[in-house]
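Chemist: predicted model follows, preceded by the sequence.
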Amino acid sequence: MIFTEKSEDNELYVYFNDRLIYKKWLDTGVSKVFDRFAYSKYTTESIKIKILFVCSANKQRSKTASDYFSEKLATYEFDSAGTNHKICNKEGTQPLTEALMEWADLVIVMEEKHRRIISENGGSQFRKKIKVLNIPDHFKYYQKELIQLLEEKVEPLIEDRFFK
């Protein structure tokens, strides 16, 4: 894989094997991605986008999402946490903290109640980076149907947020 960058006439071009994959107009900051797959490989060597998945106990849904997408999308950094600290402590899973919310570029919660809990506990400053999947709590870890739902709902969120 050969990535090359070229600047001319106040424009930055990124090529992958001599094919244009990205263009940025330096005077306005506007950019356009022409090939998301190649561009994601290119950005692997720069800053990784950080995505946090949140459910109640960080045992089934959010843990599945984090583990699954960590394997599938190496250009992103994933983590997961639970809003119910009592259950997280009992189960030995990661509870949601303000530090995790600050770390994440995008916070994907499984249900509306998770967004509400975050907001009610002083997290209203994070509301713009929270997206709700509306995935109910009746799946097991890595359950096939859960993976299918996650693929359907998460990938468009990532694309909408980072590739427009």
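Modeler: That came through fine. Numbering: from 1, shown residues only.

Chemist: host element of the closest residue to residue 133 other than its chain neighbours?
Modeler: With C-beta to C-beta, 6 or more residues apart in numbering as the measure, residue 153 is the residue that lies nearest to residue 133, at 4.8 Å, once sequence neighbours are left out. Using the backbone N, CA and C atoms, a C-beta is placed for each residue, glycine as well. Under DSSP states H and E, the secondary-structure element containing residue 153 is helix 144-162.

Chemist: can you check residue 81 too?
Modeler: For residue 81, the host element (DSSP H and E) is strand 76-82.

Chemist: any idea of the mean pLDDT for that strand?
Modeler: Here the mean pLDDT over strand 76-82 is 94, rounded to a whole number.

Chemist: quick one: list the elements packing against it.
Modeler: Of the remaining helices and strands, those touching strand 76-82 by 3 or more C-beta pairs under 8 Å, 6 or more residues apart in numbering; DSSP states H and E are strand 49-55, helix 61-72, helix 98-103.

Chemist: just put the ones you listed in JSON lines and tack on distance to residue 30 and mean neighbour count.
Modeler: Putting those into JSON lines (distance: least, C-beta to C-beta, whole Å; neighbours: other C-beta atoms under 10 Å) gives the following:
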{"stretch": "strand 49-55", "distance to residue 30": "19", "mean neighbour count": "25"}
{"stretch": "helix 61-72", "distance to residue 30": "28", "mean neighbour count": "20"}
{"stretch": "helix 98-103", "distance to residue 30": "28", "mean neighbour count": "13"}
